[in-house]
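> Just to be clear, the model below is a prediction. Sequence and coordinates:
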Amino acid sequence: MEGVVKQEFFIPNLSKQVQNVIVNCVPCILTNKKSRKKDGFLNPISKEDVPLSTYHVDFIGPLPSTNKKYQHILTIVDAFTKFTWLYPVRSTSAEDALDKLKVQQKTFDSTKWFKFVDPLQRILNSTFNRSTKWSPFELLIGVTMRNKEDLHLRDLLMEEMMEELQEQRDELRQDAKKNIQKIQAENKRTYDRKCRNAPSYQRGDLVVIQRTQFGTGLKLRPRFLGPYRIVKVKPRNRYDLEKVGNHDGPKL
């Protein structure tokens with residue numbers, strides 16, 4: 001195409017202009033997947049050796065809708081002990097997440113999955129964790145989780161008052177902190193082998209974000225969503241974005 005244009009017209013820096021048009025082609029950017037290493041190295045979150053200091057929050061789903069209109073599971077994990085809370089929710093709105101964070105209450109037939117959320121939560125919290133080498137319940141409370149019939153709050157509170165239990169719990173947490181740091185270092189080495197330094201963006205730059213939704217028909221949709229404008233630059237290659245125009249993707 002460039003050769004045809006040159007036969008009839010003289011345009012200064014034509015090659016550079018053509019390349020610039022191709023590089024900034026929005027439909028091309030949204031559709032094409034770059035065959036290169038991922039941008040950005042892994043930045044593990046520092047973990048304090050105190051439970052309930054940092055939380056990881058995410059939604060699982062969408063799942064088959066139930067008769068109560070539940071479609072997702074809100075998952076909240078204590079970053080240190082790995083203690084997990086699971087809540088069936090009807091949407092992935094921030095209001096739903098904040099409501100469950102403020103009031104932590106418990107809330108196969110494919111439409112009855114929500115009935116198994118509480119047993120699943122109990123299993124997760126009593127299961128050995130690779131990072132800490134202990135179960136989340138042991139790190140949070142200081143003892144092994146008992147059977148459902150034996151979970152008497154008064155007994156646990158009495159045991160908490162024992163000095164020996166306090167010392168044991170502190171030792172568990174120190175041990176868990178070392179194990180977490182070790183696993184984080186291993187995960188970073190593995191992750192960074194497939195990555196490169198992230199490009200640096202400035203406030204006002206236009207970018208796209210990778211599509212992460214799963215579902216029927218999405219395989220043929222663009223791999224990326226955008227454009228978005230950067231409104232704030234944060235540490236560790238993080239940015240606040242705002243949506244530009246009317247297109248698929250979160251408003252952010």
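Nice, I can see it.
> can you pull the contacts of the most centrally placed residue in the chain?
The chain has Asp58 as the residue nearest its centroid, 5.8 Å off, counting by C-alpha atoms, centre = their mean. Going by C-beta atoms under 8 Å, 6 or more residues apart in numbering, Asp58 touches Thr75. Just so you know, the C-beta spots here come from the backbone N, C-alpha and C atoms, and that holds for glycine as well.
> what's the offset of the helix or strand hosting it from the middle of its chain?
Using DSSP states H and E, Asp58 falls within strand 55-60. How far strand 55-60 lies from its chain's middle: 6 Å, per C-alpha atoms, centre = their mean, to the nearest Å.
> Neighbouring strands - and their directions - for that strand?
strand 72-78 (antiparallel) (DSSP bridges).
> Which residues does the partner strand contact?
Strand 72-78 is contacted by residues 51-52, 54-63, 83-92, 96-97, 100-101, 104, 117, 136, 140 when judged by C-beta under 8 Å, 6+ apart.
> Check which residues of the strand holding Asp58 are buried.
Phe59 (16 or more other C-beta atoms under 10 Å).
> rewinding a little: so of the contacts of strand 72-78, which ones are in helices?
96-97, 100-101, 117, 136, 140 (DSSP state H).
> which ones are touching the nearest residue to Gly249 once chain neighbours are set aside?
Nearest residue to Gly249, sequence neighbours excluded (C-beta to C-beta, 6 or more residues apart in numbering): Leu225, at 3.4 Å. Contact analysis of Leu225 by C-beta under 8 Å, 6+ apart lists 30, 208-211, 247-250.
> Then Lys112?
Thr66.
> if I look at it, how far off is Ile123?
18 Å (C-beta to C-beta, to the nearest Å).
> Same check on Asn67?
Per C-beta to C-beta, Asn67 is found 24 Å from Ile123.
> Looking at those two, which is more packed in?
For Asn67 and Ile123, the more surrounded residue by other C-beta atoms under 10 Å is Ile123, and the numbers stand at 12 against 8.
> How far away from the center of its chain is the longest helix belonging to the chain?
When the chain is parsed with DSSP H, its longest helix is helix 163-192. Distance of helix 163-192 from the chain centroid (C-alpha atoms, centre = their mean) equals 21 Å.
> What of stretch 229-243?
17 Å.
> Then stretch 58-70?
That offset, for stretch 58-70, works out to 18 Å (C-alpha atoms, centre = their mean).
> hmm, back to that, quickly list what the residue nearest to Gly249 is bridged to.
Taking DSSP bridges as the rule, Leu225 bridges to Ile209.
> ditto for Asp39
Counting by DSSP bridges, the residues bridging with Asp39 are Arg196.
> My understanding was that it contacts Cys195; is that so?
Yes - using C-beta atoms under 8 Å, Asp39 is in contact with Cys195, at 7.1 Å.
> quick one: buried residues of stretch 228-241?
228-230, 239, 241.
> packing partners for the helix or strand where Pro119 lies?
Using DSSP H and E, Pro119 sits within helix 117-125. Helix 117-125 is packed against strand 84-89, helix 136-141, with contacts defined by 3 or more C-beta pairs under 8 Å, 6 or more residues apart in numbering; DSSP states H and E.
> Any chance of TSV for those, columns mean pLDDT, distance to Leu220 and mean neighbour count?
Compiled in TSV, the helices and strands packed on helix 117-125 are given as follows (pLDDT from 0 to 100; distance: least, C-beta to C-beta, whole Å; neighbours: other C-beta atoms under 10 Å):
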stretch	mean pLDDT	distance to Leu220	mean neighbour count
strand 84-89	91	29	22
helix 136-141	86	40	22
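> Alright, I will stop here.
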